[in-house]
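Engineer: Sequence and predicted model, in that order:
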Protein chains: 2
Amino acid sequence: MRAVMAKARSVGTAFGCVRDSNHFGIAGFYAMMPLSEDMIGVAMTNTAALGVPTFGRMPMLGTNPLAFAAPADEEGAFVLDMSTMVVTRGRVEVYDRQAQALPEGWAVDEKGQSATDAEHVLHNLTYQVGGGILPLGGLGEMFGGHKGYGLAVMVDVLCAILSGGAFASEIADTPGSSARVSHFFGAMRVDAFRDTLAFRRDMDELLRTLRKAEPAEGQNQVYVAGQKEREHEATCMRDGVPVPTGVLEEILDIGRTYGVSL
Amino acid sequence: MRAVMAKARSVGTAFGCVRDSNHFGIAGFYAMMPLSEDMIGVAMTNTAALGVPTFGRMPMLGTNPLAFAAPADEEGAFVLDMSTMVVTRGRVEVYDRQAQALPEGWAVDEKGQSATDAEHVLHNLTYQVGGGILPLGGLGEMFGGHKGYGLAVMVDVLCAILSGGAFASEIADTPGSSARVSHFFGAMRVDAFRDTLAFRRDMDELLRTLRKAEPAEGQNQVYVAGQKEREHEATCMRDGVPVPTGVLEEILDIGRTYGVSL
């Protein structure tokens, strides 16, 4: 992303790929890097296959997140950071731990039929016997599942086909190594299009209009992308970062093994 | 798009906006223009507000389609052309004409609650009294409605905020004029990243792998974006374009009024 930003600085917009990489971290983190220079940021990655294409039964696409960030003036930046699947594997794991049925439209079984048994879905993914998580839009075409599927392929094209990396179901974690994933980064200078302050002020107006929109009955407010994360970050900066007991135990365990105190 | 392609030819990638425009036509048409020169194409537009943000009740976003096209070699090109809302207004009109209830997750009423009465949803949209169509992902956050909402805002940012055009609920058709919509176009030369033939062959492999993937029980095949439209186009080129009787009558009527025969 730093290389892409340097190039955008001199020519207006720039894009670049990384191949044969490993764990990506947070897509939004990279997309936000250009914000401080009044650039729009884009970041994507492909990931280990767990997503089943519309009308299919085998996992052939990753969660393939895409992130897009644009600067505002008084408002916080707009930061969209989303998986192109309906949910992440982590969400399914939470349902499994709570022995709760998955909502219809999240996953399919090894025959490509709607699946609500979280343990079964995770088992199938681990052994790659078919079935997995559905694209954004869910099962079939009725709620636009083919759109989420298309977005996931778009991310694979920009990350992996454009870089000559591994793609589709070639991407799989093995016990011995991380998936060889590919990434795509972009930066676009706002002033290549328009006066930067005018852009930031229109962003303010757009984001404020959405944030202050009348909420649905039973809801407290309309959010904009990035807002919840920013509010959570502020709380953590003030009160500290909450660490789940299980994670703390694990950290202490590792510390004892290597003779390092907290 | 022609201007953007000319610039991409000389510098690798290029992007441009149009503001104060009117009916966009087909997003995929523009995204496909760069394909013949081995460029990736991007096209987006904002549209008259009919989409309700997650947790909201007033329409504040258009169907805001985005299109993305990438060339292959022996396979047809990958052409994603999708509204960022769960359905278009046209789909709701079809349900209304057939007096059929909308599936839950397509629309909300003036209180932001799930709505299945197509006639009521269309009435609300016409009089802008609240309620409208939901983003891709449907109601609330359970199925990722906040992602479709985020994508719709991203399209508005790239089309309208970047061009200094009208945005969000400012965009509305009036009896006297079309909405003042904005567009965003992009072209990226594949050879700025990688050998073009190698890219096209990897695209072939990706698209063929998806197309030939084992379908779900009860389905005939897995499709890739652009395939159905290409197959339909081939049928029309061979057999002619089917015209619904109502449309034919209308054409003949207009012809009679102006003394023009079919």
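Structural biologist: Yes, it's here.
Engineer: Need phi/psi at residue A:176.
Structural biologist: phi -90, psi -20 (degrees, to the nearest 10).
Engineer: number of nearby residues for it?
Structural biologist: Burial measure for residue A:176: 5 neighbouring residues, criterion other Cβ atoms under 10 Å in any protein chain shown. Using the backbone N, CA and C atoms, a C-beta is placed for each residue, glycine as well.
Engineer: Also residue A:126?
Structural biologist: So residue A:126, with other Cβ under 10 Å, has 9 neighbours.
Engineer: Off-centre distance for the strand or helix carrying it?
Structural biologist: According to DSSP states H and E, residue A:126 maps onto helix A:118-127. Using Cα atoms, centre = their mean, to the nearest Å, the mean C-alpha position of helix A:118-127 is found 21 Å from that of the whole chain.
Engineer: for stretch A:53-61, same thing?
Structural biologist: Using Cα atoms, centre = their mean, the offset of stretch A:53-61 from its chain centre is 19 Å.
Engineer: does any part of stretch A:136-151 sit near chain B?
Structural biologist: Yes. With Cβ under 8 Å from any Cβ of the partner chain as the criterion, chain B is reached by stretch A:136-151 at A:136, A:137, A:138, A:142, A:143, A:144, A:146, A:147, A:148, A:149, A:150, A:151.
Engineer: Pull out the buried positions in that stretch.
Structural biologist: The neighbour-count check on stretch A:136-151 (16 or more other Cβ atoms under 10 Å in any protein chain shown) flags A:136-140, A:143-151 as buried.
Engineer: Need the residues that contact that stretch.
Structural biologist: By Cβ atoms under 8 Å, 6 or more residues apart in numbering or on different chains, the residues outside stretch A:136-151 that reach it are A:51, A:53-55, A:61, A:64, A:66, A:82-86, A:104-106, A:108, A:114, A:134-135, B:80, B:82-83, B:86-87, B:103, B:105-106, B:136-138, B:143-144, B:147-148, B:223, B:225.
Engineer: Which of these are buried, as a ChimeraX select command?
Structural biologist: Only the buried members of the contacts of stretch A:136-151 enter the following ChimeraX selection, criterion being 16+ other Cβ under 10 Å:
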select /A:51,53,54,55,61,64,66,82,83,84,85,86,105,106,108,114,134,135 /B:80,82,83,86,87,105,106,136,137,138,143,144,147,148,223,225
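Engineer: shouldn't residue A:115 be in contact with residue A:102?
Structural biologist: Yes. Because the distance of 7.0 Å satisfies Cβ atoms under 8 Å, residue A:115 is recorded as touching residue A:102.
Engineer: So between those two, which is more surrounded?
Structural biologist: Shown here are residue A:115 and residue A:102; by other Cβ under 10 Å, residue A:115 has more neighbours (23 against 20).
Engineer: Quick check: phi and psi on residue A:184?
Structural biologist: Torsion angles, degrees, to the nearest 10, at residue A:184: phi -130, psi 130.
Engineer: beta partners of it?
Structural biologist: Here residue A:184 sits in beta bridges with residue A:17, residue A:44, going by DSSP bridges.
Engineer: The stretch 151-262 of chain A: helices as residue ranges?
Structural biologist: A:196-211, A:227-239, A:245-258 (DSSP state H, counting those that start in this stretch).
Engineer: Residue A:261: how many residues sit nearby?
Structural biologist: 6.
Engineer: again, but for residue A:175
Structural biologist: 4.
Engineer: before we move on, what about residue A:25?
Structural biologist: Residue A:25, neighbours per other Cβ under 10 Å, totals 9.
Engineer: Up against chain B, what does the stretch 1-150 of chain A have?
Structural biologist: A:11, A:13-15, A:17, A:40, A:53-58, A:60, A:68, A:70, A:78, A:80, A:82-83, A:86-87, A:103, A:105-106, A:108, A:111-113, A:130, A:136-138, A:142-144, A:146-150.
Engineer: Where helices are concerned, which of those residues count?
Structural biologist: A:11, A:146, A:147, A:148, A:149, A:150 (DSSP state H).
Engineer: Next, give me the two most distant ones among those residues.
Structural biologist: Longest distance between any two of these is 35.8 Å, between A:11 and A:146; criterion Cβ to Cβ.
Engineer: Return the residues of the stretch 151-262 of chain A in contact with chain B.
Structural biologist: Counting by Cβ under 8 Å from any Cβ, the stretch 151-262 of chain A sits next to chain B at A:151, A:153-154, A:156-158, A:160-164, A:167-169, A:188, A:190, A:193-194, A:198-199, A:202-203, A:206, A:209-210, A:213-225.
Engineer: if we can go back for a sec, kindly export the helix holding residue A:126 (C-alpha atoms) in CSV.
Structural biologist: The C-alpha trace of helix A:118-127 is given here as CSV (Å, rounded to 0.1, in the frame of the first residue of the first chain):
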residue,chain,number,x,y,z
ALA,A,118,-23.2,-25.3,12.5
GLU,A,119,-21.1,-28.3,13.6
HIS,A,120,-21.9,-30.2,10.4
VAL,A,121,-21.0,-27.2,8.2
LEU,A,122,-17.7,-26.7,10.0
HIS,A,123,-16.9,-30.4,9.8
ASN,A,124,-17.6,-30.3,6.0
LEU,A,125,-15.3,-27.3,5.6
THR,A,126,-12.4,-28.9,7.6
TYR,A,127,-12.5,-32.1,5.5
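Engineer: Which of the residues of the stretch 151-262 of chain A next to chain B are buried, as a PyMOL select command?
Structural biologist: Buried subset of these, written as a PyMOL selection, criterion 16+ other Cβ under 10 Å:
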select buried, chain A and resi 151+153+154+156+157+158+160+161+162+163+164+167+168+169+188+190+193+194+199+202+203+206+209+210+213+215+216+222+223+224+225
